[in-house]
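Asks: Sharing a model prediction with you, sequence too.
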Amino acid sequence: MTSGQDAKADTEDRAELWRSYNAKQTEREPRPLLVMAMEAAGIGAERTAIDLGCGAGVEVAALADAGWNTIGIDSSPGTTELVRQVVGGRSPAGLQRTEVREESLRDAAKSLPPADLIYSGYALPYVHPTDFPAVWAAIRGAMTPGAILAVQLFGDHDSYFGEDDWNFHTEEEARALVDGLDIVQFEVEDADGMAAGGPKHWHVFHIIARR
């Protein structure tokens, strides 16, 4: 195979991996970081929330059910159908408050609307390091006054560290990313654990901050 064919095959393999992963996530509960972010943000009251890398839509459903006008963004093929299925099953009334965009975070960052809550669970680390600064700037720029930001970033002790297409940060760098925001939570996870592919060492910054 040529290098171009290799790259295309790798992209297709990753897309299939994410499709399979998301399909297995539909029955779980919303992640704790999202729950804490919603508590910090207060009532939805038809304010705007964005889920970057929304996967199966579990967190989108929780936000829509709580009254948020929610935009779920994910590049995995079939995201729209899967998210609407999950939201419809968990919160039928929430479907009218749900928008799904099937696009990469790099592309989404070019037109993020103002938002009162921005959440990204284990998705931002997979943004290419050359794209990450623009994506992060767009996220910061989309936060309305008082908005809550809740994200997970990978640290430099993580087992995945060294993957060329992913981004990693020292703790100092991660704290600098939220400089100027009021920190609600900055939890450092640096421990062995399990991932979808088996055992690994996690180094994750679980961050909640308010503009």
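Replies: The structure has been received and is ready for your questions.

Asks: Output stretch 94-108 as CSV, restricted to C-alpha atoms.
Replies: Output for stretch 94-108, consisting of C-alpha atoms alone and laid out as CSV, is shown next (Å, rounded to 0.1, in the frame of the first residue of the first chain):
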residue,chain,number,x,y,z
GLY,A,94,-35.5,17.1,25.3
LEU,A,95,-35.3,16.3,21.6
GLN,A,96,-36.7,19.7,20.7
ARG,A,97,-33.8,21.3,22.6
THR,A,98,-31.2,19.2,20.9
GLU,A,99,-29.0,20.0,17.9
VAL,A,100,-26.3,17.6,16.6
ARG,A,101,-23.4,18.6,14.4
GLU,A,102,-21.4,15.8,12.8
GLU,A,103,-18.1,17.5,12.4
SER,A,104,-14.6,17.6,13.8
LEU,A,105,-13.8,19.8,16.8
ARG,A,106,-11.3,21.6,14.5
ASP,A,107,-14.1,22.5,12.1
ALA,A,108,-16.6,23.2,14.9
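
Asks: Contacts for that stretch next, please.
Replies: Applying Cβ atoms under 8 Å, 6 or more residues apart in numbering, the set of residues contacting stretch 94-108 from outside is 46, 52-54, 57, 60-61, 64-65, 67-77, 79-80, 83-84, 87-88, 123-124, 127-128, 131, 134-135. The C-beta positions use only the backbone N, C-alpha and C, and glycine is treated the same way.

Asks: Run a quick check on Ile50 versus Asp74, I expect a contact.
Replies: No: when contacts are counted by Cβ atoms under 8 Å, Ile50 is not listed as touching Asp74 (11.5 Å).

Asks: Closest to the centroid, which residue in this structure?
Replies: Of all residues in the chain, the one closest to the mean position by Cα atoms, centre = their mean is Ser120, 2.3 Å from it.

Asks: Just give the closest residue to that one, not the sequence neighbours.
Replies: Computed as Cβ to Cβ, 6 or more residues apart in numbering, the closest residue to Ser120 that is not its neighbour in sequence is Leu52, at 3.9 Å.

Asks: The one you found and Tyr122 touch, don't they?
Replies: No: with contact taken as Cβ under 8 Å, Leu52 and Tyr122 are classed as non-touching, separated by 10.6 Å.

Asks: more neighbours, these two?
Replies: Set Leu52 next to Tyr122 and count neighbours by other Cβ atoms under 10 Å: Leu52 wins out with 24 against 16.

Asks: and the gap between that one and Glu46?
Replies: Distance of Leu52 to Glu46, given as Cβ to Cβ, to the nearest Å: 20 Å.

Asks: how about low-confidence regions in this protein?
Replies: Along the chain, the model assigns pLDDT under 70 to residues 1-23, 26.

Asks: ok, which stretches of it are helices?
Replies: For the chain, the helices identified by DSSP state H occupy 3-23, 32-41, 58-65, 79-90, 105-108, 132-142, 171-177, in order along the chain.

Asks: Can you list the helices and strands that the third one packs against?
Replies: For helix 58-65, the contact count by 3 or more Cβ pairs under 8 Å, 6 or more residues apart in numbering; DSSP states H and E identifies helix 32-41, strand 48-52, strand 69-73, helix 79-90, strand 98-101, strand 115-120 as packing neighbours.
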